[in-house]
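Asker: Mind looking at a prediction? Sequence and model below.
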Amino acid sequence: MNILWQVGILFVVCLAAQWLVTLLPFAFPASVLAMILVFLLLLAGVIKVRQIKELSNWFAQNMAFLFVPACAGVLNYFDLIAANLFPILFISVVTTFLVFGATGWTVKGLMRLQARLRKEKEGQENG
């Protein structure tokens, strides 16, 4: 599919998300809502993966470049970050281990579930 059509599809989704955010009674990032909308549209089959695949691959390949403005914006608050460096580092380390543990337990649980489902399926086929 033409890259301009792919940009157009994502632009319309982002525009719809921006509009929906104005209707919400609470603050919510339009970019997150746009990702949720794309996910739901993909699940519903309204958008096909092939329709946004080329642009999505380009975004994935150039992700580091897309974070440059955000990193430059952090430099505006360097004095605030430097003043709170220990709490920020502490929270980062603790949450890293929490995420690591939660991910490990989730994978372990899913592996057990798959093994159990596989055994049940084999039991049904043999029995």
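Answerer: Thanks, I have it. Residues are numbered from 1 along each chain as shown.

Asker: Need the per-residue pLDDT for residue 111.
Answerer: On pLDDT, residue 111 comes in at 96.

Asker: where's residue 125 relative to residue 115, distance?
Answerer: 16 Å (CB to CB, to the nearest Å). Yep, even glycine has a C-beta here, placed from its N, CA and C like the rest.

Asker: whoops, I mixed them up, residue 67
Answerer: Using CB to CB, residue 67 is found at 39 Å from residue 115.

Asker: do residue 55 as well
Answerer: Remark: distance between residue 55 and residue 115 (CB to CB) = 38 Å.

Asker: These two: who's more crowded?
Answerer: Using other CB atoms under 10 Å as the criterion, residue 55 and residue 115 rank with residue 55 on top: 18 against 10.

Asker: and that one, what element?
Answerer: If you go by DSSP states H and E, residue 55 is part of helix 49-61.

Asker: so after that helix, what's the next helix or strand?
Answerer: helix 63-66.

Asker: is it true that residue 21 touches residue 33?
Answerer: Yes. Applying CB atoms under 8 Å, one finds residue 21 in contact with residue 33, separated by 6.0 Å.

Asker: host element of residue 25?
Answerer: Following DSSP H and E, there is no helix or strand that holds residue 25.
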